[in-house]
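1. Take this sequence and fold it.
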Amino acid sequence: MRPQLTETGWELVAQRDEAASLIGAVVELDPGTEYTRSDIADAADIPLKTLYLADALEDLVDIGALDHTEEADAEATFVVNEDSDVVRAARQFDDAVAAQLDTAE
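-> Residues are numbered from 1 along each chain as shown. Next comes the predicted model:
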């Protein structure tokens, strides 16, 4: 049984060691491409075993950042949900921090 999701986005990032890396990867992934768990683990620079044990991808599906595209007798794949408010907010946050760091130099 999977543990219940947290109440806030910050709690999700704080409670899941791999959440920040996964969200960072989702921001960079091509929205029109299907990705395997292995592809996403590589993009997030986390071990595939960690990804399986932590259920972190399912958390991202639950919050709408990823869509699960599993077909019968095929490996599960995931697609970035371009309509997700979570993905949009993560990209805006990423852009805002990058812009602020650029002006600080």
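2. mind listing what's buried in the worst-scoring helix or strand of the chain on mean pLDDT?
-> Least confident helix or strand of the chain, by mean pLDDT, DSSP states H and E, is helix 9-15 with a mean of 82. Within helix 9-15, the residues that qualify as buried are Leu12, counting by 16 or more other Cβ atoms under 10 Å. Backbone N, C-alpha and C define where each C-beta goes, glycine included.
3. What helices and strands are in contact with that helix?
-> When contacts are defined as 3 or more Cβ pairs under 8 Å, 6 or more residues apart in numbering; DSSP states H and E, helix 9-15 packs onto helix 19-28.
4. so after the helix it packs on, what's the next helix or strand?
-> strand 35-36 (DSSP states H and E).
5. From the chain's centre, how far out is the least confident helix or strand of the chain? Work that out for me.
-> Between the centre of helix 9-15 and the centre of its host chain there is 12 Å, according to Cα atoms, centre = their mean, to the nearest Å.
6. any idea how far Pro31 is from the closest residue to Thr50 other than its chain neighbours?
-> Of all residues not flanking Thr50 in the chain, Glu18 sits nearest, at 6.0 Å (Cβ to Cβ, 6 or more residues apart in numbering). Separation of Glu18 from Pro31 (Cβ to Cβ, to the nearest Å): 21 Å.
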